[in-house]
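Undergrad: Sharing a sequence plus its predicted fold:
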Amino acid sequence: MGSKMIRDLVILLAIAGALFVGGYFTVREINKTDFELSHQVSIEQEEELGNVLKDVMIDQYKIVEDNMADSAIQAIKTRLVSAIDSTPYRYEIKIIKNEQINAFTMPGGNIYVFSGLIKAADSPEEVASVLAHEIGHAEKRHVVTRLINDMSTTAILGILSGGDPSVVAEILKSIAGNKFNREQEMEADKFALQLLEDSHVPPKALARFFERLNDKDFDYNEDLEILMTHPHNNRRIEQARKYKTRNNFKAEPFNFDWEKVQQSL
Amino acid sequence: MEFYPLQQPEEISEREKEDAMGSYLMMFAAVAIGLPLPIINLIASIIYYFINRKKSRFIHFHCLQALLTQIPTTVINWVAVIWAVTIFFTDRTTTEIFWAYVIFAGASTFLYFIFNLIAAFKARQGKMYYFLLFGNLCYQAVYRVKASDNIQSSEPVNKPPF
(Lines give C-alpha, C1' and ligand atoms only; values in the text may rest on other atoms or scores of the structure.)
Protein backbone atom coordinates (compact mmCIF):
# COMPACT_ATOMS: atom_id res chain seq x y z
CA MET A 1 0.00 0.00 0.00
CA GLY A 2 2.83 2.33 0.94
CA SER A 3 4.67 1.83 -2.34
CA LYS A 4 1.50 2.63 -4.30
CA MET A 5 1.16 5.92 -2.44
CA ILE A 6 4.78 6.76 -3.13
CA ARG A 7 4.19 5.96 -6.80
CA ASP A 8 1.11 8.22 -6.80
CA LEU A 9 3.08 10.99 -5.14
CA VAL A 10 5.85 10.69 -7.72
CA ILE A 11 3.28 10.83 -10.55
CA LEU A 12 1.63 13.93 -9.03
CA LEU A 13 4.98 15.67 -8.59
CA ALA A 14 5.92 14.74 -12.15
CA ILE A 15 2.66 16.23 -13.47
CA ALA A 16 3.20 19.41 -11.42
CA GLY A 17 6.80 19.62 -12.64
CA ALA A 18 5.73 19.10 -16.24
CA LEU A 19 3.08 21.84 -15.94
CA PHE A 20 5.60 24.26 -14.47
CA VAL A 21 8.31 23.47 -17.03
CA GLY A 22 5.70 23.68 -19.79
CA GLY A 23 4.62 27.07 -18.45
CA TYR A 24 8.19 28.26 -18.27
CA PHE A 25 8.94 27.30 -21.86
CA THR A 26 5.68 28.90 -23.01
CA VAL A 27 6.73 32.17 -21.37
CA ARG A 28 10.21 31.88 -22.84
CA GLU A 29 8.70 31.29 -26.26
CA ILE A 30 6.53 34.41 -25.95
CA ASN A 31 9.44 36.53 -24.74
CA LYS A 32 11.73 35.11 -27.38
CA THR A 33 9.48 36.64 -30.01
CA ASP A 34 10.78 40.14 -29.20
CA PHE A 35 14.34 38.89 -29.04
CA GLU A 36 13.99 37.10 -32.35
CA LEU A 37 12.34 40.14 -33.90
CA SER A 38 15.29 42.32 -33.02
CA HIS A 39 17.68 39.76 -34.44
CA GLN A 40 16.05 39.90 -37.86
CA VAL A 41 18.16 43.01 -38.25
CA SER A 42 21.87 42.54 -37.56
CA ILE A 43 23.94 45.09 -35.67
CA GLU A 44 25.74 45.96 -38.91
CA GLN A 45 22.42 46.55 -40.70
CA GLU A 46 21.22 48.59 -37.75
CA GLU A 47 24.34 50.75 -37.94
CA GLU A 48 23.81 51.28 -41.66
CA LEU A 49 20.22 52.20 -40.98
CA GLY A 50 21.39 54.58 -38.28
CA ASN A 51 23.76 56.25 -40.74
CA VAL A 52 20.97 56.76 -43.30
CA LEU A 53 18.72 58.26 -40.64
CA LYS A 54 21.57 60.35 -39.25
CA ASP A 55 21.91 62.09 -42.61
CA VAL A 56 18.20 62.83 -42.62
CA MET A 57 18.37 64.16 -39.07
CA ILE A 58 21.27 66.45 -39.94
CA ASP A 59 19.23 67.79 -42.86
CA GLN A 60 16.13 68.31 -40.76
CA TYR A 61 17.54 69.67 -37.52
CA LYS A 62 20.21 72.07 -36.45
CA ILE A 63 22.87 70.03 -34.69
CA VAL A 64 24.89 71.78 -32.00
CA GLU A 65 28.57 71.00 -32.41
CA ASP A 66 31.92 72.18 -31.16
CA ASN A 67 30.76 74.20 -28.23
CA MET A 68 30.83 73.82 -24.47
CA ALA A 69 27.57 71.88 -24.32
CA ASP A 70 28.73 69.44 -26.97
CA SER A 71 32.01 68.89 -25.11
CA ALA A 72 30.09 68.28 -21.90
CA ILE A 73 27.79 65.76 -23.59
CA GLN A 74 30.77 63.95 -25.11
CA ALA A 75 32.44 63.78 -21.70
CA ILE A 76 29.26 62.36 -20.18
CA LYS A 77 29.02 59.85 -23.03
CA THR A 78 32.65 58.76 -22.57
CA ARG A 79 32.07 58.20 -18.84
CA LEU A 80 28.91 56.17 -19.44
CA VAL A 81 30.08 54.11 -22.41
CA SER A 82 33.38 53.19 -20.78
CA ALA A 83 31.41 51.68 -17.88
CA ILE A 84 29.60 49.21 -20.19
CA ASP A 85 31.35 45.83 -20.19
CA SER A 86 30.99 45.31 -23.91
CA THR A 87 28.78 46.94 -26.47
CA PRO A 88 28.27 46.31 -30.17
CA TYR A 89 27.61 50.00 -30.79
CA ARG A 90 29.84 52.99 -31.44
CA TYR A 91 27.69 55.51 -29.61
CA GLU A 92 27.20 58.96 -31.03
CA ILE A 93 25.29 61.52 -29.01
CA LYS A 94 24.27 64.75 -30.71
CA ILE A 95 22.53 67.84 -29.42
CA ILE A 96 19.60 69.11 -31.45
CA LYS A 97 18.96 72.82 -31.19
CA ASN A 98 15.36 72.73 -30.06
CA GLU A 99 13.64 74.01 -26.93
CA GLN A 100 11.64 70.83 -26.41
CA ILE A 101 12.62 68.74 -23.42
CA ASN A 102 13.28 65.54 -25.23
CA ALA A 103 15.79 62.85 -26.07
CA PHE A 104 15.53 59.75 -28.23
CA THR A 105 17.49 56.83 -29.52
CA MET A 106 17.93 56.02 -33.19
CA PRO A 107 19.14 52.71 -34.60
CA GLY A 108 22.86 51.99 -34.41
CA GLY A 109 23.56 53.71 -31.10
CA ASN A 110 22.76 57.24 -32.30
CA ILE A 111 21.22 59.25 -29.52
CA TYR A 112 19.79 62.75 -29.87
CA VAL A 113 19.25 65.07 -26.97
CA PHE A 114 17.41 68.34 -27.36
CA SER A 115 19.00 71.54 -26.07
CA GLY A 116 15.77 72.18 -24.15
CA LEU A 117 16.45 69.11 -22.04
CA ILE A 118 19.97 70.25 -21.20
CA LYS A 119 18.64 73.63 -20.19
CA ALA A 120 15.96 72.02 -18.05
CA ALA A 121 18.41 69.76 -16.23
CA ASP A 122 19.71 70.98 -12.89
CA SER A 123 23.01 69.16 -13.22
CA PRO A 124 25.09 67.14 -15.68
CA GLU A 125 24.19 64.09 -13.58
CA GLU A 126 20.54 64.49 -14.57
CA VAL A 127 21.46 64.62 -18.26
CA ALA A 128 23.70 61.60 -17.71
CA SER A 129 20.74 59.73 -16.25
CA VAL A 130 18.61 60.47 -19.32
CA LEU A 131 21.43 59.40 -21.64
CA ALA A 132 21.95 56.21 -19.60
CA HIS A 133 18.26 55.45 -20.09
CA GLU A 134 18.56 56.01 -23.85
CA ILE A 135 21.67 53.81 -23.98
CA GLY A 136 19.56 51.19 -22.20
CA HIS A 137 17.03 51.27 -25.05
CA ALA A 138 19.85 50.84 -27.56
CA GLU A 139 21.60 48.02 -25.68
CA LYS A 140 18.33 46.13 -25.24
CA ARG A 141 17.59 46.69 -28.93
CA HIS A 142 14.20 48.21 -28.15
CA VAL A 143 14.45 50.62 -31.10
CA VAL A 144 14.81 47.85 -33.66
CA THR A 145 12.11 45.75 -32.03
CA ARG A 146 9.72 48.70 -32.10
CA LEU A 147 10.51 49.46 -35.73
CA ILE A 148 9.92 45.85 -36.75
CA ASN A 149 6.64 45.91 -34.85
CA ASP A 150 5.60 49.05 -36.70
CA MET A 151 6.68 48.03 -40.20
CA SER A 152 8.12 45.05 -42.06
CA THR A 153 11.78 44.07 -41.89
CA THR A 154 11.89 44.14 -45.69
CA ALA A 155 10.71 47.75 -45.76
CA ILE A 156 13.22 48.75 -43.08
CA LEU A 157 16.15 47.05 -44.77
CA GLY A 158 14.93 48.33 -48.15
CA ILE A 159 16.12 51.83 -47.32
CA LEU A 160 19.67 50.51 -47.03
CA SER A 161 19.64 49.99 -50.78
CA GLY A 162 18.35 53.49 -51.43
CA GLY A 163 14.72 52.60 -50.90
CA ASP A 164 11.60 54.66 -50.67
CA PRO A 165 12.04 58.04 -48.89
CA SER A 166 8.53 57.68 -47.51
CA VAL A 167 9.77 54.66 -45.50
CA VAL A 168 12.51 56.84 -44.03
CA ALA A 169 9.85 59.34 -43.02
CA GLU A 170 7.80 56.51 -41.55
CA ILE A 171 10.77 55.23 -39.55
CA LEU A 172 11.44 58.70 -38.18
CA LYS A 173 7.77 59.02 -37.31
CA SER A 174 7.85 55.68 -35.52
CA ILE A 175 10.92 56.72 -33.53
CA ALA A 176 9.47 60.14 -32.73
CA GLY A 177 6.25 58.40 -31.64
CA ASN A 178 8.10 57.18 -28.57
CA LYS A 179 5.99 54.09 -28.15
CA PHE A 180 8.14 51.92 -25.98
CA ASN A 181 6.05 49.65 -23.86
CA ARG A 182 6.06 49.57 -20.09
CA GLU A 183 8.41 46.58 -19.87
CA GLN A 184 10.87 48.24 -22.22
CA GLU A 185 10.82 51.47 -20.20
CA MET A 186 11.37 49.57 -16.98
CA GLU A 187 14.15 47.56 -18.57
CA ALA A 188 15.85 50.73 -19.83
CA ASP A 189 15.49 52.29 -16.36
CA LYS A 190 17.07 49.29 -14.71
CA PHE A 191 19.90 49.33 -17.17
CA ALA A 192 20.35 53.09 -16.62
CA LEU A 193 20.46 52.80 -12.82
CA GLN A 194 23.12 50.12 -12.99
CA LEU A 195 25.11 52.01 -15.62
CA LEU A 196 24.97 55.23 -13.58
CA GLU A 197 26.29 53.41 -10.54
CA ASP A 198 29.08 51.82 -12.57
CA SER A 199 29.90 55.26 -13.98
CA HIS A 200 30.11 56.79 -10.49
CA VAL A 201 27.07 58.96 -11.16
CA PRO A 202 24.45 58.94 -8.37
CA PRO A 203 21.51 56.88 -9.75
CA LYS A 204 19.10 59.10 -7.81
CA ALA A 205 19.71 61.74 -10.49
CA LEU A 206 17.27 59.79 -12.67
CA ALA A 207 14.57 60.04 -9.99
CA ARG A 208 15.27 63.74 -9.48
CA PHE A 209 14.87 64.48 -13.16
CA PHE A 210 11.70 62.38 -13.37
CA GLU A 211 10.24 64.13 -10.33
CA ARG A 212 10.83 67.58 -11.68
CA LEU A 213 9.31 66.64 -15.01
CA ASN A 214 6.35 65.16 -13.17
CA ASP A 215 5.73 68.54 -11.59
CA LYS A 216 2.61 69.94 -13.21
CA ASP A 217 4.08 73.44 -13.26
CA PHE A 218 6.94 72.24 -15.36
CA ASP A 219 6.31 72.76 -19.05
CA TYR A 220 7.59 69.82 -21.05
CA ASN A 221 6.88 68.16 -24.32
CA GLU A 222 4.04 65.68 -23.93
CA ASP A 223 5.77 63.28 -26.26
CA LEU A 224 8.84 63.12 -24.05
CA GLU A 225 9.73 59.51 -24.17
CA ILE A 226 11.33 59.23 -20.77
CA LEU A 227 8.27 60.50 -18.96
CA MET A 228 5.13 60.07 -20.93
CA THR A 229 1.80 60.72 -19.22
CA HIS A 230 1.62 57.22 -17.93
CA PRO A 231 0.29 56.10 -14.55
CA HIS A 232 3.26 53.80 -14.28
CA ASN A 233 5.68 56.69 -13.95
CA ASN A 234 5.38 57.01 -10.19
CA ARG A 235 6.60 53.45 -9.94
CA ARG A 236 9.54 54.29 -12.12
CA ILE A 237 10.39 57.28 -9.94
CA GLU A 238 10.11 55.12 -6.86
CA GLN A 239 12.29 52.45 -8.40
CA ALA A 240 14.96 55.03 -9.21
CA ARG A 241 14.71 56.62 -5.76
CA LYS A 242 14.94 53.32 -3.92
CA TYR A 243 17.83 52.00 -5.98
CA LYS A 244 20.53 50.79 -3.58
CA THR A 245 24.09 51.45 -4.60
CA ARG A 246 27.00 49.31 -3.46
CA ASN A 247 28.40 50.17 -0.03
CA ASN A 248 31.66 51.35 -1.55
CA PHE A 249 29.92 53.51 -4.17
CA LYS A 250 31.64 56.85 -4.57
CA ALA A 251 30.14 59.56 -6.73
CA GLU A 252 32.52 61.41 -9.00
CA PRO A 253 30.98 64.77 -9.98
CA PHE A 254 31.42 66.09 -13.50
CA ASN A 255 33.75 69.05 -13.61
CA PHE A 256 31.60 71.35 -15.67
CA ASP A 257 30.38 74.81 -14.94
CA TRP A 258 26.83 73.71 -15.65
CA GLU A 259 25.45 77.22 -15.95
CA LYS A 260 28.01 78.09 -18.60
CA VAL A 261 27.23 74.82 -20.42
CA GLN A 262 23.58 75.77 -20.49
CA GLN A 263 24.33 79.31 -21.55
CA SER A 264 26.35 78.01 -24.50
CA LEU A 265 23.17 76.67 -26.08
CA MET B 1 -5.11 -4.53 7.85
CA GLU B 2 -8.85 -4.90 7.68
CA PHE B 3 -11.31 -2.77 5.71
CA TYR B 4 -15.03 -2.34 5.78
CA PRO B 5 -16.66 -3.66 2.62
CA LEU B 6 -17.39 -1.14 -0.11
CA GLN B 7 -21.04 -0.48 -0.78
CA GLN B 8 -22.17 -1.18 -4.30
CA PRO B 9 -24.17 1.40 -6.30
CA GLU B 10 -27.45 -0.44 -5.82
CA GLU B 11 -26.91 -0.44 -2.02
CA ILE B 12 -26.50 3.33 -1.87
CA SER B 13 -29.54 5.55 -1.59
CA GLU B 14 -30.22 8.42 -3.97
CA ARG B 15 -29.79 10.89 -1.11
CA GLU B 16 -26.36 9.50 -0.29
CA LYS B 17 -25.31 9.73 -3.93
CA GLU B 18 -26.45 13.36 -4.11
CA ASP B 19 -24.70 14.31 -0.89
CA ALA B 20 -21.50 12.69 -2.12
CA MET B 21 -21.75 14.48 -5.46
CA GLY B 22 -22.46 17.77 -3.69
CA SER B 23 -19.10 17.68 -1.95
CA TYR B 24 -17.38 18.06 -5.34
CA LEU B 25 -19.86 20.41 -6.95
CA MET B 26 -20.27 22.94 -4.19
CA MET B 27 -16.68 24.05 -4.54
CA PHE B 28 -17.39 25.50 -7.99
CA ALA B 29 -19.85 27.98 -6.54
CA ALA B 30 -17.60 28.58 -3.57
CA VAL B 31 -14.63 29.28 -5.83
CA ALA B 32 -16.65 31.85 -7.76
CA ILE B 33 -17.59 33.59 -4.51
CA GLY B 34 -14.05 33.40 -3.16
CA LEU B 35 -12.22 34.78 -6.18
CA PRO B 36 -9.71 36.30 -6.29
CA LEU B 37 -8.88 34.95 -2.84
CA PRO B 38 -9.04 31.15 -3.11
CA ILE B 39 -10.08 30.33 0.45
CA ILE B 40 -13.89 30.30 0.53
CA ASN B 41 -13.96 26.98 -1.34
CA LEU B 42 -11.79 25.37 1.30
CA ILE B 43 -13.86 26.74 4.19
CA ALA B 44 -17.06 25.59 2.46
CA SER B 45 -15.61 22.09 1.98
CA ILE B 46 -14.57 21.87 5.62
CA ILE B 47 -18.08 22.81 6.75
CA TYR B 48 -19.65 20.40 4.25
CA TYR B 49 -17.32 17.65 5.44
CA PHE B 50 -18.19 18.06 9.11
CA ILE B 51 -21.92 18.20 8.38
CA ASN B 52 -21.99 15.10 6.20
CA ARG B 53 -19.19 12.79 7.27
CA LYS B 54 -21.28 10.76 9.68
CA LYS B 55 -24.08 10.04 7.23
CA SER B 56 -22.35 7.07 5.59
CA ARG B 57 -18.89 5.83 4.68
CA PHE B 58 -19.60 6.48 1.00
CA ILE B 59 -20.41 10.16 1.68
CA HIS B 60 -17.58 10.42 4.21
CA PHE B 61 -15.09 9.16 1.63
CA HIS B 62 -16.18 11.58 -1.10
CA CYS B 63 -16.39 14.57 1.25
CA LEU B 64 -12.93 13.86 2.61
CA GLN B 65 -11.50 13.39 -0.87
CA ALA B 66 -13.13 16.64 -2.09
CA LEU B 67 -11.68 18.44 0.92
CA LEU B 68 -8.16 17.05 0.80
CA THR B 69 -7.73 17.43 -2.95
CA GLN B 70 -8.55 21.11 -2.61
CA ILE B 71 -5.64 21.79 -0.29
CA PRO B 72 -2.85 21.62 -2.90
CA THR B 73 -4.73 23.76 -5.45
CA THR B 74 -5.67 26.24 -2.74
CA VAL B 75 -2.04 26.52 -1.63
CA ILE B 76 -0.85 26.83 -5.25
CA ASN B 77 -3.38 29.59 -5.96
CA TRP B 78 -2.61 31.40 -2.73
CA VAL B 79 1.08 31.49 -3.58
CA ALA B 80 0.16 32.97 -6.98
CA VAL B 81 -2.05 35.64 -5.38
CA ILE B 82 0.52 36.58 -2.72
CA TRP B 83 3.28 36.67 -5.33
CA ALA B 84 1.19 38.91 -7.62
CA VAL B 85 0.29 41.27 -4.76
CA THR B 86 3.94 41.48 -3.71
CA ILE B 87 4.92 42.40 -7.26
CA PHE B 88 2.14 44.98 -7.41
CA PHE B 89 3.36 46.70 -4.26
CA THR B 90 7.06 46.54 -5.10
CA ASP B 91 8.62 47.23 -8.48
CA ARG B 92 5.79 45.82 -10.63
CA THR B 93 8.29 43.89 -12.65
CA THR B 94 7.25 40.36 -13.47
CA THR B 95 9.73 37.60 -14.17
CA GLU B 96 9.54 34.61 -16.46
CA ILE B 97 9.42 32.37 -13.39
CA PHE B 98 6.39 34.27 -12.10
CA TRP B 99 4.48 33.85 -15.36
CA ALA B 100 5.52 30.21 -15.56
CA TYR B 101 4.05 29.79 -12.07
CA VAL B 102 0.84 31.56 -13.09
CA ILE B 103 0.48 29.16 -16.03
CA PHE B 104 1.25 26.24 -13.73
CA ALA B 105 -1.36 27.41 -11.20
CA GLY B 106 -3.96 27.97 -13.91
CA ALA B 107 -3.32 24.60 -15.55
CA SER B 108 -3.33 22.78 -12.19
CA THR B 109 -6.64 24.38 -11.23
CA PHE B 110 -8.14 23.57 -14.62
CA LEU B 111 -7.02 19.93 -14.37
CA TYR B 112 -8.39 19.76 -10.85
CA PHE B 113 -11.75 21.11 -12.02
CA ILE B 114 -11.93 18.46 -14.74
CA PHE B 115 -11.16 15.62 -12.33
CA ASN B 116 -13.54 17.12 -9.80
CA LEU B 117 -16.36 16.98 -12.34
CA ILE B 118 -15.53 13.37 -13.15
CA ALA B 119 -15.52 12.54 -9.43
CA ALA B 120 -18.89 14.28 -8.96
CA PHE B 121 -20.34 12.32 -11.88
CA LYS B 122 -19.06 9.01 -10.50
CA ALA B 123 -20.33 9.82 -7.00
CA ARG B 124 -23.78 10.54 -8.42
CA GLN B 125 -23.72 7.06 -9.96
CA GLY B 126 -22.84 5.59 -6.58
CA LYS B 127 -19.31 4.71 -7.68
CA MET B 128 -15.99 5.19 -6.01
CA TYR B 129 -13.50 7.45 -7.74
CA TYR B 130 -9.95 7.63 -6.55
CA PHE B 131 -7.77 10.66 -7.12
CA LEU B 132 -4.07 9.90 -7.30
CA LEU B 133 -2.63 9.57 -3.80
CA PHE B 134 -5.65 11.24 -2.12
CA GLY B 135 -8.02 8.43 -3.13
CA ASN B 136 -5.82 5.94 -1.35
CA LEU B 137 -5.41 8.16 1.70
CA CYS B 138 -9.14 8.77 1.99
CA TYR B 139 -10.01 5.12 1.49
CA GLN B 140 -7.68 4.18 4.33
CA ALA B 141 -8.99 6.95 6.54
CA VAL B 142 -12.64 6.04 6.01
CA TYR B 143 -12.80 2.31 5.31
CA ARG B 144 -10.02 0.88 7.44
CA VAL B 145 -11.28 -0.95 10.49
CA LYS B 146 -9.74 0.80 13.46
CA ALA B 147 -8.87 -0.82 16.76
CA SER B 148 -11.40 1.40 18.51
CA ASP B 149 -14.12 0.09 16.16
CA ASN B 150 -13.32 -3.52 17.22
CA ILE B 151 -13.37 -2.65 20.89
CA GLN B 152 -16.68 -0.99 20.43
CA SER B 153 -18.11 -3.99 18.63
CA SER B 154 -16.73 -6.51 21.15
CA GLU B 155 -17.93 -4.54 24.13
CA PRO B 156 -21.28 -2.99 23.23
CA VAL B 157 -22.49 -0.07 25.28
CA ASN B 158 -26.08 -1.27 25.29
CA LYS B 159 -26.34 -4.71 26.87
CA PRO B 160 -29.36 -6.89 27.72
CA PRO B 161 -30.43 -7.00 31.45
CA PHE B 162 -29.33 -10.63 31.93
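TA: Ah, there it is. Numbers count the residues shown, from 1 in each chain, chains lettered A, B, ... in the order given.
Undergrad: ok, which residues in the stretch 1-150 of chain A are in contact with chain B?
TA: Contacts of the stretch 1-150 of chain A with chain B, taken as C-beta under 8 Å from any C-beta of the partner chain, map to A:1, A:4-5, A:8-9, A:11-12, A:15-16, A:19-24, A:26-28, A:31. C-beta: built from backbone N, CA, C; applies to glycine.
Undergrad: Drop anything exposed from those.
TA: The neighbour-count criterion (16 or more other C-beta atoms under 10 Å in any protein chain shown) marks A:Met5, A:Asp8, A:Ala16, A:Leu19, A:Phe20, A:Gly23, A:Tyr24, A:Val27 among the residues of the stretch 1-150 of chain A next to chain B as buried.
Undergrad: Right, and chain A sits closest to which residue of chain B?
TA: Nearest residue of chain B to chain A (C-beta to the nearest C-beta) works out as B:Ile103 at 3.1 Å.
Undergrad: residues in contact with that residue?
TA: Taking C-beta atoms under 8 Å, 6 or more residues apart in numbering or on different chains, we find B:Ile103 in contact with A:Leu19, A:Gly22, A:Gly23, A:Tyr24, A:Thr26, A:Val27.
Undergrad: Rebuild those residues as JSON lines, extending it with secondary structure.
TA: Output for those, formatted as JSON lines (DSSP: H, G, I helix; E, B strand; the rest coil):
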{"residue": "A:Leu19", "secondary structure": "helix"}
{"residue": "A:Gly22", "secondary structure": "helix"}
{"residue": "A:Gly23", "secondary structure": "helix"}
{"residue": "A:Tyr24", "secondary structure": "helix"}
{"residue": "A:Thr26", "secondary structure": "helix"}
{"residue": "A:Val27", "secondary structure": "helix"}
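Undergrad: Same list (the residues you listed) but as CSV, adding pLDDT.
TA: Formatted as CSV, the contacts of B:Ile103 follow (pLDDT from 0 to 100):
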residue, pLDDT
A:Leu19, 93
A:Gly22, 92
A:Gly23, 91
A:Tyr24, 90
A:Thr26, 87
A:Val27, 85
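Undergrad: Chain B: strands as residue ranges?
TA: Remark: no strands are assigned in chain B by DSSP state E.
Undergrad: So which residue is dead centre in it?
TA: For chain B, B:Ala66 is the residue whose C-alpha lies nearest the centre (C-alpha atoms, centre = their mean; 1.5 Å).
Undergrad: What sits closest to that one if chain neighbours are left out?
TA: B:Ser23 (4.0 Å; C-beta to C-beta, 6 or more residues apart in numbering or on different chains).
Undergrad: close enough to count as contact, the one you found and B:Tyr48?
TA: Yes: if you go by C-beta atoms under 8 Å, B:Ser23 and B:Tyr48 touch, sitting 5.7 Å apart.
Undergrad: Which elements pack onto the lengthiest helix in chain B?
TA: Ranked by residue count and defined by DSSP state H, the top helix of chain B is helix B:57-89. For helix B:57-89, the packing partners by 3 or more C-beta pairs under 8 Å, 6 or more residues apart in numbering or on different chains; DSSP states H and E come out as helix B:14-34, helix B:40-52, helix B:96-124, helix B:134-143.
Undergrad: quick one: the second one to helix B:14-34, angle?
TA: In this case it means helix B:40-52. If you take axes from the mean of the first three to the mean of the last three C-alpha atoms, to 10 degrees, helix B:40-52 sits at 160 degrees to helix B:14-34.
Undergrad: buried stuff in the longest helix of chain B?
TA: For helix B:57-89, the neighbour count (16+ other C-beta under 10 Å) marks B:57-70, B:73-74, B:76-77, B:80, B:83 as buried.
Undergrad: for stretch A:246-259, same thing?
TA: Buried residues in stretch A:246-259, counted by 16+ other C-beta under 10 Å: A:Phe254, A:Phe256, A:Trp258.
Undergrad: What is the nearest of those to chain B?
TA: Of all the buried residues of stretch A:246-259, A:Phe254 has the smallest distance to chain B: 28.6 Å, by C-beta to the nearest C-beta.
Undergrad: Check whether the closest one really touches A:Ala75, as I assumed.
TA: Yes: judged on C-beta under 8 Å, A:Phe254 makes contact with A:Ala75 at a distance of 6.8 Å.
Undergrad: Low-confidence bits of chain B, can you list those?
TA: Applying pLDDT under 70 to chain B flags residues B:29-31, B:33-37, B:91-92, B:149-156.
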